[in-house]
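1. any chance you could fold what I've pasted below:
(one chain, ligands or ions: 1)
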Amino acid sequence: MIKKKVLLTRIFPKLATQLLEDAGYEVIAWDQEQPMPYDEMIKVAQSCNALFCTLTDKIDVAFLNRCSHLNIITQFAVGYDNIAIAEATKLGIPIGYAPNAMNEATADIAFGLMIATARKMFFMNQKIKNGQWGSFDPVGHLGLELKGKKLGILGLGRIGMVMAKRCKGAYDMEILYHNRSSNEKAEKEFGAKRVDFDTLIAKSDVISVHCALTPETRGIFNKSVFDRMKSTALFINTARGGIHNEGDLIHAIQNGDIWGAGLDVTNPEPMKPDNPLLTMENVCVLPHIGSATITARNEMARMGATNIISFYEEGKVPYIVNPEAF
Ligand code: DGY
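-> Have a look, this model is predicted:
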């Protein structure tokens, strides 16, 4: 029997290759640290049956039409804004993804950024590296406390739930959220209150973004929104950089419209080293490491490999974005 060929577009956890090879698939793996160039990805994908990709790969309409023979594409991430889903569905290509795998890991980064930003941790650490640790300073670089503050979550889904739990447990924070539909579990477990977007931004002491990047959420945190947030508010984004307008965020912090920001995602990625956010006292930036734990990344690899194997062996994709593609 001819082996099905799977293209892995990045160096993924070894588990992905191991599961696929053990199940009899031929793995063609890109072995460079940087993402596979677009044209190269098309060229190699044209001789493969399935694609195992991630958020750094542009799987747009042109790609899909040039690779419409692909039987299945699976995304090593929970977000899939890099994939033209409607086109894939039209072409009958199922798109797999990795929901839940990184809930704990990403919520940890959101929670960590919230504390780090409130206490200026990255900036203060940089001062030590710059040889600027003078002496104990009774009035210098004072931060904020989080106990009893209001946490506003945009997109209270799987990751937002874990963040809410952390914040409720550690600081007894009041949880507000804005979602299309109610999250009854969060209301019952954490006393979370669903509010409209305007109330969320006006009332919250910490805004934590956990929604998907869609045409509706792209750039939603802009000047007009930052203007309406509390001047003591923290803005935390671990979802997608495209959800905030970075120029407006810089201006809002410089102008004192909001207090600070903790970002694991930027716009664009990678962030340029001369970005003014990196020198700000009340800003902490990380290079998109929300899911970067051994547990989460192995689970993401397992889900991707399982999607492909189940597709060929059982005709179904257990973690699927577009079931209507079948
Ligand atoms: C995701 O899963 O979408 C994260 O951004 C990367 O793991």
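2. any idea which residue sits dead centre in this structure?
-> residue 239 (3.5 Å; C-alpha atoms, centre = their mean).
3. quick check: closest non-adjacent residue to that residue.
-> residue 209 (4.7 Å; C-beta to C-beta, 6 or more residues apart in numbering). (C-beta placed from N, C-alpha, C; glycine too.)
4. what pairs with that neighbour across the strands?
-> residue 154, residue 237 (DSSP bridges).
5. my guess is it contacts residue 221. True?
-> Yes: under the criterion of C-beta atoms under 8 Å, residue 209 makes contact with residue 221 at 7.4 Å.
6. mutual contacts of the two, please.
-> By C-beta atoms under 8 Å, 6 or more residues apart in numbering, residue 209 and residue 221 have these common neighbours: 235, 237, 243, 244.
7. looking at these, which is nearest residue 15?
-> residue 237 (29.1 Å; C-beta to C-beta).
8. ok, now how distant is the closest one from the ligand?
-> 11 Å (C-beta to the nearest ligand atom, to the nearest Å).
9. just give the number of residues close to that residue.
-> 25 (other C-beta atoms under 10 Å).
10. got the contact list for it?
-> Counting by C-beta under 8 Å, 6+ apart, residue 237 makes contact with 208, 209, 221, 243, 244, 261, 262, 263, 264, 265.
11. just the buried members of the residues you listed?
-> Among these, those classed as buried by 16 or more other C-beta atoms under 10 Å are 208, 209, 221, 243, 244, 261, 262, 263, 264, 265.
12. rewinding a little: hang on, the residue nearest to the centre of the chain packs against residue 211?
-> Yes: at 5.9 Å, residue 239 counts as touching residue 211 under the criterion of C-beta under 8 Å.
13. name the residues contacting each of these two.
-> Between them, residue 239 and residue 211 share the contacting residues residue 155, judged by C-beta under 8 Å, 6+ apart.
14. average pLDDT for stretch 5-15?
-> Across stretch 5-15, pLDDT averages out at 98.
15. now do that stretch: distance from first to last residue.
-> 17 Å (C-alpha to C-alpha, to the nearest Å).
16. swap in stretch 85-94?
-> 9 Å.
17. what comes up buried for it?
-> 85, 87, 88, 89, 90, 91, 93, 94.
18. repeat for stretch 280-293
-> 280, 282, 283, 284, 285, 286, 288, 290, 291, 293.
19. one step back: got a list of what the residue nearest to residue 239 touches?
-> So residue 209 contacts 154, 155, 221, 235, 236, 237, 238, 239, 243, 244 (C-beta under 8 Å, 6+ apart).
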